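Visitor: Everything below, folded, please.
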Amino acid sequence: MTSVSERLQQLLDGELDPSEIADDPALVSLADRLYGIKIAPVQPVKRRDLSPSGAGDDGITEIAPPTNMMVEVIAPEAPAIEEPVMPLAPIEDMPPAPTVARSTKSPMRLIFASGLLISVANLFGLFGLLLGGMCDPSDLCPSDGYTRINWISVHQLSTGLGWSQSILDGQYGVPDLVAIIGSCIGTVMFTRRK
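Guide: Below you'll find the predicted structure:
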């Protein structure tokens, strides 16, 4: 028995009779759509259902007149052009990617860490010992217990407005807190691995 694709090709070529495709509902449907041929479906009959007389033409009934099922095959306009196969160039080994030796100490990390140390040292009044000689003695100066630099008035270190009491005296300011918290955040951010 031929395969389904071979029978379909024979139907399209017009080589099958309607009686040969009556047992395949898919081919009957295709013949109806393509050629307008109506083929009655095959009704299976068991031997016991056959009449004993044996005379009767209850076979296949065609509704439409038989048609010539020839299909015209049109040749392509131009033959297919085979593209030449180009050999691939050999792939050379890639050189290894250069490894950049990263220093473990980021410059930004060092800047923020030194900012943290400077802020904490100022909070305890260590800069009053170093820069206290710049202050006019007639004002409030490090010699009077004002040893912490006011970050807002850092340009007025020669007057009493540039100095405040240290944290040891219970005094601290918002600029000191901003400097410490900001430098802590910067140090942590640049210490993390990427």
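
Visitor: Quote the end-to-end distance of stretch 87-94.
Guide: Distance across stretch 87-94, first residue to last, is 20 Å (Cα to Cα, to the nearest Å).

Visitor: Over to stretch 98-111?
Guide: Counting by Cα to Cα, you get 28 Å between the two ends of stretch 98-111.

Visitor: buried stuff in it?
Guide: 106, 109 (16 or more other Cβ atoms under 10 Å). C-beta coordinates here come from the backbone N, C-alpha and C atoms, glycine included.

Visitor: again, but for stretch 161-179
Guide: 162-167, 175-176, 179.

Visitor: That stretch - what's its average pLDDT?
Guide: Averaged over stretch 161-179, pLDDT sits at 88.

Visitor: Ok, stretch 116-134 next?
Guide: The average pLDDT within stretch 116-134 is 89.

Visitor: just the strands in this protein please.
Guide: 148-149, 163-164 (DSSP state E).

Visitor: what domains does the record give for this protein?
Guide: 4-44, 107-191 (automatic domain parsing).

Visitor: got the ones you listed as CSV, with distance to residue 91 columns?
Guide: Output for the domains of the chain, formatted as CSV (distance: least, Cβ to Cβ, whole Å):
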stretch, distance to residue 91
domain 4-44, 42
domain 107-191, 41
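
Visitor: Of those domains, which is nearest residue 90?
Guide: domain 4-44 (42.8 Å; Cβ to Cβ).

Visitor: where does residue 112 land on pLDDT?
Guide: In this model, residue 112 carries a pLDDT of 92.

Visitor: what's near enough to touch it?
Guide: 183, 186-187, 189-190 (Cβ atoms under 8 Å, 6 or more residues apart in numbering).

Visitor: Next: residue 191.
Guide: Neighbouring residues of residue 191 by Cβ under 8 Å, 6+ apart: 106, 109.

Visitor: gap between it and residue 181?
Guide: Residue 191 sits 16 Å away from residue 181, going by Cβ to Cβ, to the nearest Å.

Visitor: go on, residue 85?
Guide: 69 Å.

Visitor: Surely residue 128 touches residue 146?
Guide: Yes: with contact defined as Cβ atoms under 8 Å, residue 128 and residue 146 form a contacting pair (7.2 Å).

Visitor: any shared contact partners between those two?
Guide: residue 163.

Visitor: residue ranges of the helices in this structure, please?
Guide: In the chain, the helices defined using DSSP state H lie at 4-13, 18-21, 25-35, 107-123, 127-131, 174-191.

Visitor: Looking at residue 85 and residue 181, which is more packed in?
Guide: Higher neighbour count among residue 85 and residue 181: residue 181, with 12 against 6, using other Cβ atoms under 10 Å.
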